Every structure is written in C-alpha cells, then in structure tokens.
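Trainee: no sequence on this one, just coordinates:
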C-alpha cells in the first residue's frame, strides 16, 4: 500500500531516500512508462514501444527492460547498467499531486510534490537527504523536481502525440517472439510500435502537420530505439550462460 503525504521541510525534515537499485526497491520490472520528453535519451539504450490502457484506451509509451514480467536486464549487483535512468525509475517515491487554490476569486490547481512514506526507498531509512539541515531543498530533491516536471510535461504531450500518430494509422501491434538461444524462447504480448512503412507513405501535408506539432521527431526516435533489442538479447544470452554454468558447477 502507498501512503502519500504532501512534502514539506518540517514534517519530513529528516527524510532520506535510498538511491541504490535492486528488487527490494521495486526495480525488478520488465518495462517502465516512458515519456516523449526523454525519448532522445532513452532511444540510445532502451527499446521504446507503446501499450494501450485497457480501461481508458489511452496510449502509454514504455521502455522495455526485459522479456519477463519481473526481469530487468539493466539491474546487476545493485547497479543500473545504463548511462540514462528512465524518469519513472529516477523519481523514486515521489510524484506530483495537485491542490486547489483560489487566486483572485478563481479556482486553480497548483502542482505540489508528494512522497510515499511506505515506499521501500523511504522505509530503508538511509540514503540521500531530501532537505538541507537549515530546511532548504537538497540537490537530490532539486533533481527529483526536475525529473517530475519532465514526466508531467511529457505525459500531457504524449497523450496528444500518440493520438495523432494513431489517427494516421502509424501505431500497429507487434508480438516479440525472441529466440535467444536454441533452448530458450520468450514472447512479449500487448506491445505496439510505429509502422515504418506506413510512415514512409504519408503525404506531405500529413508529415508537415506531425512535424509542426513536434510529433514526427518522437516517431523517428521510437523507431531508432528498436536497435536496442540486440542489446537486451545479448544480455539475456549472457545471463542464461551464467545460469547454465552455475547449474553445471552445482552438479559437479
């Protein structure tokens, strides 16, 4: 269960957040939400796909981390082996919430930081301080605020972007059927990707419209990201070889 509170430097003066990585912190996941605001960074290391929310029908981009539900092939010995950490992982126990404010008689919503006090990164009672001794924001909290702004902006932009790409018929279902070696085959269902051939067939007006809106770049970044499948497959093969070697050693 989550227990969110609005973050403040009095009630949470001594709050610390563990910044290591591992299953104990909830990092053993096969995919994470991804946002167009970070596509340029993500596409260098992660395959980016789309999934449709079964309830709302809305599209959500995801960075693929492994071929099984709880498999994160970027995790190893407490480290995340990539030069860029996806925002959904970097944000830790924090999120942006909203509170009502009346300004000049008009009701508006103000974005404020919230923290999940039951998150394993918080209950570890160690790690980076959230506030400075005198009460100001720590460099860590400033970084988290930047990450959350990127997620917030990327989420809103992504909703419009994916709807526009879908309207052009550019989002198509894919089934990842990966044969990593003669004895191991993995299938990942429910993913969608940008259809390169359909994108190439769009007329000038459609391309210009997507480009003006800033969506065309995102589509090409998603396509470019797919070369990272080779990296995931290679890492999966390496780990399977290690498991086989360990199993053989255990029998001897």
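Mentor: Right, received. Where do you want to start? Everything numeric here is computed off the predicted structure, so don't read it as measured data.
Trainee: list the contacts of stretch 83-93.
Mentor: Residues outside stretch 83-93 that contact it (C-beta atoms under 8 Å, 6 or more residues apart in numbering) are 17, 19, 21, 27, 32-35, 37-38, 41-42, 44-46, 63, 80, 115-117, 119, 121-122, 143-144, 147-148, 150-151, 154. The C-beta positions use only the backbone N, C-alpha and C, and glycine is treated the same way.
Trainee: sort out for me which of those residues are in strands.
Mentor: Counting by DSSP state E, the contacts of stretch 83-93 place 17, 32, 33, 34, 63, 80, 115, 116 in strands.
Trainee: contacting residues for the residue lying closest to residue 239 once chain neighbours are set aside?
Mentor: The shortest distance from residue 239 to any non-neighbouring residue, by C-beta to C-beta, 6 or more residues apart in numbering, is to residue 73 (7.3 Å). Going by C-beta under 8 Å, 6+ apart, residue 73 touches 65, 66, 67, 232, 235, 236, 239.
Trainee: over to residue 73. Which of the three states is it?
Mentor: Here residue 73 is coil, with the state taken from DSSP: H, G, I helix; E, B strand; the rest coil.
Trainee: report the separation between it and residue 79.
Mentor: 12 Å (C-beta to C-beta, to the nearest Å).
Trainee: find residues that contact each of these two.
Mentor: What both residue 73 and residue 79 touch, as defined by C-beta under 8 Å, 6+ apart, is an empty set.
Trainee: pLDDT below threshold where in the stretch 51-200 of the chain?
Mentor: Applying pLDDT under 70 to the stretch 51-200 of the chain picks out residues 99-110.
Trainee: going along the chain, name the strands of it.
Mentor: Listed in chain order, the strands of the stretch 51-200 of the chain (DSSP state E, counting those that start in this stretch) span 59-64, 75-76, 79-80, 94-103, 106-116, 128-129, 171-181, 184-194.
Trainee: just those: most buried one?
Mentor: Most buried of the strands of the stretch 51-200 of the chain by mean neighbour count (mean count of other C-beta atoms under 10 Å) is strand 59-64; its value is a mean of 22.
Trainee: check which helices and strands that one sits against.
Mentor: strand 31-34, strand 48-52, helix 139-167, strand 184-194 (3 or more C-beta pairs under 8 Å, 6 or more residues apart in numbering; DSSP states H and E).
Trainee: before we move on, back to that, now the strands of the stretch 51-200 of the chain in a markdown table, with distance to residue 243?
Mentor: As requested, the strands of the stretch 51-200 of the chain are exported to a markdown table (distance: least, C-beta to C-beta, whole Å):
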| stretch | distance to residue 243 |
| --- | --- |
| strand 59-64 | 21 |
| strand 75-76 | 14 |
| strand 79-80 | 19 |
| strand 94-103 | 35 |
| strand 106-116 | 34 |
| strand 128-129 | 34 |
| strand 171-181 | 11 |
| strand 184-194 | 10 |
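Trainee: give me the buried subset of the contacts of residue 73.
Mentor: Neighbour counting by 16 or more other C-beta atoms under 10 Å classes 65, 66, 67, 232, 235, 236 among the contacts of residue 73 as buried.
Trainee: so what's the last one up against?
Mentor: If I follow you right, that is residue 236. 66, 67, 73, 178, 180, 184, 186.
Trainee: same question, the second one
Mentor: Under the criterion of C-beta under 8 Å, 6+ apart, the neighbours of residue 66 are 30, 31, 72, 73, 232, 236.
Trainee: so which of those residues is the closest to residue 200?
Mentor: residue 232 (25.9 Å; C-beta to C-beta).
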